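>>> Mind folding the following:
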Amino acid sequence: IDTDQLGVLTPTTFRAGLCSVISDDVLADALFDVFDEENDGKFDFREYIHCLSYLFGKRQQSEPLKHLEYSFRLFSPDSDGLVSRANFASIVASIGRSLGAICFDADRFMTVFDNADVDGKGAISLPQFQRVAMQNTLFIQSLGLLKLDDLLPPGVASGGGADAAESAVVISDSMIQSAAHTSLLPPPPPSLDQPPVVVVDPPVPELASAAASSAAPTPTPDADARPPAAADDDVVPRARSSSGSAPFIHAPQSAPLRGEGQPKKGIPMTFGHENWDFSYRLATGVRLSVSETYTSFQKSRRKPDPHDFELVVSYDLSSVISKSSVPWTFTDYSPLPFLYVRLFYSVDQRLYMFSLGPEKILGCLLVGNLSALCEMVSTGRSGSFFFKSNDGRFLIKTLPVEECDMLRRILPQYLQHVQANPHSLLTRFYGLHLMQKAGQSVYFAVMANLFNGLSIDEQFDLKGSTVNRSVDVPPSERATVSGKDNDFAGRKLKLGPNRKPQLLEIIDNDTALLELNGICDYSFLIGFHYVTEDEADFVSTLSTNELFLADLNGGILSSDRSAIYYVGIIDNLTTFTYTKSIEFYSKSLIYASGGLSALRPAPYRVRFQKYIATILE
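A predicted model of the protein is given here:
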């Protein structure tokens, strides 16, 4: 942000550093005042780091409510420490302007203030704000995108007016199985002296873009075939609750950072990060396309036809994001078929948009959390980049154009396959998109994060090959760096005689689809969660007869109940190309061909299945 290297930031340089994310000056200047703790019209690195230490949650354990003081200051409290309704509304309106074409119901969001203003004086204090913010975190983080009834436990109805305060329902991440969990034990409830307040009323706004025409979607080949989204069991069959190098994306220049809770490998992205502008536009494009598809589907409830698999819809983000000077284009491929994949796997569309959309980055500010939009997880040998939504639910992977083409080609078979095989281990692809800027293009897919939920203590990427299939992983890195086949030697997955053939049958069906489409070099990814003493009592109540357990977020409980396995087949878009052929023949001059990773699809599948059979018992 400090491009002139002066050691201080002024309102002008700070606004420039925010890029298009906080594009309205009212909100940008309010955030500047939060960092400017000395109120001298500038802030230095010391003030910047001191504020970030709270907004990134590093001190929330020792000072659990301090971060909400910073978010309260966004609303410009007066000399008496009170925020007026007018000041609160001014920031809310500025958020709406920063969101551009994305629908935001400011009146609905003002219920946050109204619920805090319990005495009706038209002004709220810090304790009143803290109480409402702690008890309605998700509502505020999503800027009202998440409907209250979606978050209430079964049998609890939302009410209005004074009854809301008496209902004492705490809305928290635990109600939607937050990815922040690191064990089987539920997170402790927030500790507050006053009873919780639930934000209610008015009804949830339409999810469609507030200005769909301004987004300028350009469907190809036919606008009338533009897809839909939502979910009814009579429309979409569901799975059983289960239980290329990017030219304008920059690689990390420093060692990976780790988040709290479940270990994460990656660099949190917030303003000032070199990929910040890209990630925000990516989020905006996903949010607009999913919203339009979702709304259309709710009206038509139709199934995909052959035309839908060919459909391409483009959005000019320059007309969507205010103050956007560089032309960016976001393209959505086959929106309706990918929606059907999401619906089949019971992905809530509001939560999907919340996890990947831009509301979260602005909404998090209002609860004292400068949460990164997503994390850069790693870069692979292929030059692909991985990002992770900051709630851990979804991964975004950049793809070379060849893999993008392959996914589009097999999509009809893929959709049919997962519907016929609800326990498929293949990667759950939820979307395929393209970002373009100044003649440069980046293709990327959105997919489910296999390791979303319980903490992973150790992981392995297995192919059944032995050549160059070792990696030196220190104990401290085993949760985030995958071991290889040679590192797994002598180990077994303990399933028992009944569940082993079930898993092998699933793998047989999945790899048959891959072989049919000439795909090879895929991997069997395993994540281990080792059961702790605190978890043992709960685990003892679970069945070892079922393969995938809903209580374990789709994990497999070992037959001795000592570990939980999360398994999947990944990297399943690689074909045996000319390059792979050259790799095979060159390495076969040195190594035995049976141990090479690069094999033709048929022998690769045979070796893969035989190997997996040897590690199951």
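
>>> Every contact and neighbour count from this point should use C-alpha atoms.
Fine.

>>> which non-adjacent residue is nearest the residue most central in space within the chain?
Nearest to the geometric centre of the chain sits Ser389, at 2.8 Å (C-alpha atoms, centre = their mean). Leaving aside its sequence neighbours, Ser389 sits nearest to Cys374 (C-alpha to C-alpha, 6 or more residues apart in numbering; 4.4 Å).

>>> Could you count how many residues lie near the one you found?
28 (other C-alpha atoms under 10 Å).

>>> re earlier: how about the contacts made by the residue nearest to the centre of the chain?
Residues in contact with Ser389, defined by C-alpha atoms under 8 Å, 6 or more residues apart in numbering, are 355-356, 373-375, 395-396.

>>> Just the ones in strands from those, please.
Members of these lying in strands (criterion: DSSP state E): 374-375, 395-396.

>>> just the buried members of these?
In the ones in strands among the contacts of Ser389, burial by neighbour count holds for 374-375, 395-396, counting by 16 or more other C-alpha atoms under 10 Å.

>>> Please identify which of the residues you listed is nearest to Gly120.
Nearest to Gly120 among those is Cys374, at 38.7 Å by C-alpha to C-alpha.

>>> Run a quick check on the closest one versus Asn390, I expect a contact.
Yes: between Cys374 and Asn390 there is a contact under C-alpha atoms under 8 Å: 4.8 Å.

>>> Spit out the contact partners of the residue nearest to Ser389.
For Cys374, the contact set (C-alpha under 8 Å, 6+ apart) comprises 268-269, 279, 387-390.

>>> and if you look at Arg342?
Neighbours of Arg342 in contact, by C-alpha under 8 Å, 6+ apart: 348, 430.

>>> With Phe387 as the reference, measure out to it.
Here the criterion is C-alpha to C-alpha, to the nearest Å. By it, Arg342 lies 19 Å from Phe387.

>>> same deal with Leu366?
24 Å.

>>> what does Asp25 give?
Taken as C-alpha to C-alpha, the span from Asp25 to Phe387 is 29 Å.

>>> Looking at the two now, which is surrounded by more residues?
Remark: of Asp25 and Phe387, Phe387 carries more neighbours, 24 against 15, as counted by other C-alpha under 10 Å.

>>> before we move on, which element is the closest residue to Gly527 other than its chain neighbours in?
Closest residue to Gly527 apart from its sequence neighbours, by C-alpha to C-alpha, 6+ apart: Gln459 at 4.3 Å. Counting by DSSP states H and E, the element that carries Gln459 is strand 458-462.

>>> by contact count, what packs against that strand?
strand 523-530 (3 or more C-alpha pairs under 8 Å, 6 or more residues apart in numbering; DSSP states H and E).

>>> What are the boundaries of the strands in the stretch 451-600 of the chain?
458-462, 523-530, 556-557, 563-570 (DSSP state E, counting those that start in this stretch).

>>> Would you tell me which of those strands gets closest to Tyr430?
Closest approach to Tyr430 among those (C-alpha to C-alpha): strand 563-570, 14.3 Å.

>>> if we can go back for a sec, for the strands of the stretch 451-600 of the chain, which one ends up most surrounded?
strand 556-557 (a mean of 26; mean count of other C-alpha atoms under 10 Å).

>>> Residues in contact with that strand: which ones?
Contacts with strand 556-557, where a contact means C-alpha under 8 Å, 6+ apart, come from 495, 544, 547-549, 563-566.

>>> strands paired with it, and their directions?
Here strand 556-557 has these sheet partners by DSSP bridges: strand 563-570 (antiparallel).

>>> The partner strand relative to strand 523-530, how many degrees between them?
160 degrees (axes from the mean of the first three to the mean of the last three C-alpha atoms, to 10 degrees).

>>> okay, strand 563-570 in CSV with CA atoms only?
C-alpha atoms of strand 563-570 as CSV (Å, rounded to 0.1, in the frame of the first residue of the first chain):
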residue,chain,number,x,y,z
ALA,A,563,-8.7,-42.7,13.4
ILE,A,564,-11.1,-41.0,11.0
TYR,A,565,-10.2,-41.1,7.3
TYR,A,566,-11.2,-38.6,4.6
VAL,A,567,-10.6,-40.0,1.2
GLY,A,568,-11.1,-38.8,-2.4
ILE,A,569,-9.8,-39.2,-6.0
ILE,A,570,-8.2,-35.9,-7.1
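
>>> quick one: contacts of that strand?
Residues from elsewhere that reach strand 563-570 (C-alpha under 8 Å, 6+ apart): 425-427, 450-451, 522-531, 552, 554-558.

>>> Mind doing that once more with 7 Å?
425-427, 450-451, 522-531, 555-558 (C-alpha atoms under 7 Å, 6 or more residues apart in numbering).

>>> what residue ranges in the stretch 451-600 of the chain score low on pLDDT?
577-598 (pLDDT under 70).

>>> Then the stretch 51-200 of the chain?
When residues are selected by pLDDT under 70, those of the stretch 51-200 of the chain lie in 57-62, 101, 147-200.

>>> quick one: the strands in it?
All strands of the stretch 51-200 of the chain, identified by DSSP E, counting those that start in this stretch, fall at 83-84, 123-124.

>>> Include distance to Thr13 and mean neighbour count when you put those into JSON lines, please.
Shown next, in JSON lines, are these (distance: least, C-alpha to C-alpha, whole Å; neighbours: other C-alpha atoms under 10 Å):
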{"stretch": "strand 83-84", "distance to Thr13": "27", "mean neighbour count": "22"}
{"stretch": "strand 123-124", "distance to Thr13": "32", "mean neighbour count": "23"}
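
>>> Now distance to Phe330 too, for these, in TSV please.
Below are the strands of the stretch 51-200 of the chain laid out as TSV (distance: least, C-alpha to C-alpha, whole Å):
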stretch	distance to Phe330
strand 83-84	39
strand 123-124	41
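
>>> just to revisit the earlier point, would you mind checking which of the buried ones among the ones in strands among the contacts of Ser389 is nearest to Ser98?
Of all those, Cys374 has the smallest distance to Ser98: 18.8 Å, by C-alpha to C-alpha.

>>> what number of residues lie near Phe394?
24.

>>> do you know how far it is from Ile140?
21 Å.

>>> Would you map the helices across the stretch 351-500 of the chain?
For the stretch 351-500 of the chain, helices defined by DSSP state H, counting those that start in this stretch occupy the ranges 359-365, 401-420, 499-516.

>>> mind listing what's buried in the longest one?
So that's helix 401-420. Neighbour-count burial for helix 401-420 flags 401, 403-404, 406-407, 410-412, 414-415, 417-419 (criterion: 16+ other C-alpha under 10 Å).

>>> May I see those residues organised as a markdown table, with pLDDT and distance to Tyr604 added?
Listed next are those as a markdown table, based on pLDDT from 0 to 100; distance: C-alpha to C-alpha, whole Å:
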| residue | pLDDT | distance to Tyr604 |
| --- | --- | --- |
| Val401 | 92 | 23 |
| Glu403 | 93 | 19 |
| Cys404 | 95 | 22 |
| Met406 | 95 | 18 |
| Leu407 | 97 | 20 |
| Ile410 | 97 | 19 |
| Leu411 | 97 | 22 |
| Pro412 | 96 | 24 |
| Tyr414 | 97 | 20 |
| Leu415 | 96 | 23 |
| His417 | 96 | 20 |
| Val418 | 95 | 22 |
| Gln419 | 94 | 25 |
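
>>> quick one: which of these is nearest Arg73?
Out of those, the member with the shortest distance to Arg73 (by C-alpha to C-alpha) is Cys404, at 45.6 Å.

>>> Not counting its neighbours along the chain, what's nearest the closest one?
Tyr443 (6.9 Å).

>>> Show the contacting residues for that neighbour.
Here Tyr443 is in contact with 398-401, 404, 433-435 (C-alpha under 7 Å, 6+ apart).
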